[in-house]
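Q: using only what follows, build the 3D model:
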Amino acid sequence: MLHWPRTTEVLKKADSILRRHKDIEGMTSVSGYNALDQSSSPAFAAGYITMVPHADRKEIKNIQDFMDTVRNDLSQLHEATFTVFPRPTVQGFGDFAGIEMVLQDRLGGDIRDFNVLADTFINQLNELPEIGNAYTSF
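A: Okay, here's the model as predicted:
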């Protein structure tokens, strides 16, 4: 498991890789924050990229292409897993576009069995072409 100094070190590496893009105006990262469930955890971090205004961009015109580039750039860091999300198009929709679902164990079974069920469900969702990215913080 990562801890804050190690997480911070990985963030520094990610920062140095991404700063090569001239269309990035700035970046902010927070070590120890899990943006998926808004909790503190030494093994998580959140980062936010600010782009130069669209009209002034030289390289990046399409946000989906840019997110693919970021995913590819960060894939060379094997110490961590990075997930890239766009900001919502309209303020107030939440941090991530899409829907939120809640699975509930109503039988009171073993938590490990529920974990397997949740992982299976997420994997099946990710196989659907309509789903860009499904994840669980369970």
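Q: so Gly26 makes contact with Thr50?
A: Yes: counting by C-beta atoms under 8 Å, Thr50 is a contact partner of Gly26 at 4.5 Å. Yep, even glycine has a C-beta here, placed from its N, CA and C like the rest.
Q: can you give me the strands for the chain?
A: With DSSP state E, the ranges of strands along the chain come out as 24-34, 39-51.
Q: note down every partner strand of the first one and its orientation.
A: Pointing back at strand 24-34 there. In the sheet, strand 24-34 lines up against strand 39-51 (antiparallel) (DSSP bridges).
Q: tell me how far Thr83 lies from Ala14.
A: Plainly put, Thr83 is 12 Å away from Ala14 if you go by C-beta to C-beta, to the nearest Å.
Q: of the two, which one has the most company?
A: Legend: neighbour count by other C-beta atoms under 10 Å for Thr83 and Ala14, higher for Ala14 (22 against 11).
Q: ok, back up a step: and the strands of the chain as a markdown table, adding distance to Asp113, mean neighbour count and mean pLDDT?
A: Formatted as a markdown table, those follow (distance: least, C-beta to C-beta, whole Å; neighbours: other C-beta atoms under 10 Å; pLDDT from 0 to 100):
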| stretch | distance to Asp113 | mean neighbour count | mean pLDDT |
| --- | --- | --- | --- |
| strand 24-34 | 24 | 15 | 85 |
| strand 39-51 | 24 | 15 | 83 |
